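Enquirer: Quick one: sequence plus predicted model below, questions after.
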Amino acid sequence: MKLVIDIGNSNVVVGLNKAGTWLHIWRFKTDKQAKALDYGIKLLNVLWDAGISVDRISYKILSTVVPELKAEFIKMLDNLNEAPTLALEKDKFQFLNLTIPAAEEIGTDLVANALAVYNLYQTNAIIIDFGTALTFTVVNKTGRILGVNIAPGLKTAMNALGDKTSQLDSVPLVLPDNPLGTNTETAIQNGVLLGYIGLISYMIKQIKQVFDEEYQVIVTGGLVHVLKDKLPQIDKVVPNLTLDGLALLPQFIKS
């Protein structure tokens, strides 16, 4: 059984994988000030609630885009049990069956996404990850990452606008039925969400024009549910794509 952890800027996503199946997925809010003990208690609590003994975990796998938490999580995982801990880091990219230009710049979460698509779906793909950032990662069927585009994520854009407008409370990520806002909340929702439908659609169109071959659009991320039904270009929704890629690591990298 593999314990897989993906630390993002907004959430820590924890998955328990057995024979390629996700038995449990948990999400914690990312706290850059938290220590190993804090996260260890949270993890032990959810494992206890699920009836999972730490002795059943044979591999612990970690990816983080939050440098402040890397050492704390490695410490916590090393103390969890005797099973090996594997952290995806840039110096380990060379062992993957991917070609990764500008490897020193790309995030480990995006590499995990590409690894999953290449090994599980074996197709040319535009991978869109709806997270704190909205990312577009293009990988071809030979395993070469061709490029990455990055925009602010949906919640990031909404929060940034709210921060600049004192009368706004937190605006729900819900697209109104009326495309013309009739109050402050619906004006913000339409401005951001309708705008992002246009952004994503145009980005897909522009990327596809670069290539002669067909590229599938595969989407993932914690906020994918907000707009997925409004984007007919989507070919496949894979909610746990990053975890899927991380779960593959032991076959490429020895701890």
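Expert: Right, received. Where do you want to start? Residues are numbered from 1 along each chain as shown.
Enquirer: What pLDDT is listed against residue 209?
Expert: Here, the pLDDT recorded for residue 209 equals 97.
Enquirer: Regarding it, what are the backbone dihedral angles?
Expert: phi -70, psi -20 (degrees, to the nearest 10).
Enquirer: how much space between the residue of the chain most remote from its centre and residue 188?
Expert: Taking C-alpha atoms, centre = their mean, the residue of the chain most remote from its mean C-alpha position is residue 182, at 33.7 Å. Distance of residue 182 to residue 188, given as C-beta to C-beta, to the nearest Å: 12 Å. In short, each C-beta sits where N, CA and C put it, glycine included.
Enquirer: Helix, strand, or coil at residue 110?
Expert: helix (DSSP: H, G, I helix; E, B strand; the rest coil).
Enquirer: Could you measure from it over to residue 134?
Expert: 12 Å.
Enquirer: Same question for residue 249.
Expert: For residue 249, the distance to residue 134 - C-beta to C-beta - is 25 Å.
Enquirer: Could you do residue 247 as well?
Expert: Distance from residue 247 to residue 134, by C-beta to C-beta: 24 Å.
Enquirer: Same check on residue 57?
Expert: 33 Å.
Enquirer: Contacts for the helix-or-strand element of the chain with minimal mean pLDDT, please.
Expert: Ranked by mean pLDDT, DSSP states H and E, the helix or strand of the chain with the weakest confidence is helix 154-163, at a mean of 80. By C-beta atoms under 8 Å, 6 or more residues apart in numbering, the surrounding residues in contact with helix 154-163 are 10, 130, 132-134, 152, 168-171, 173, 188, 191-193, 196, 223, 226-227.
Enquirer: Would you mark the buried spots in that helix?
Expert: 154-159 (16 or more other C-beta atoms under 10 Å).
Enquirer: Stretch 197-206 now?
Expert: For stretch 197-206, by 16+ other C-beta under 10 Å, it's 200, 203-204.
Enquirer: Contacts for it next, please.
Expert: Here stretch 197-206 makes contact (C-beta under 8 Å, 6+ apart) with 126, 128, 134, 136, 149, 151, 217, 227, 230-231, 233.
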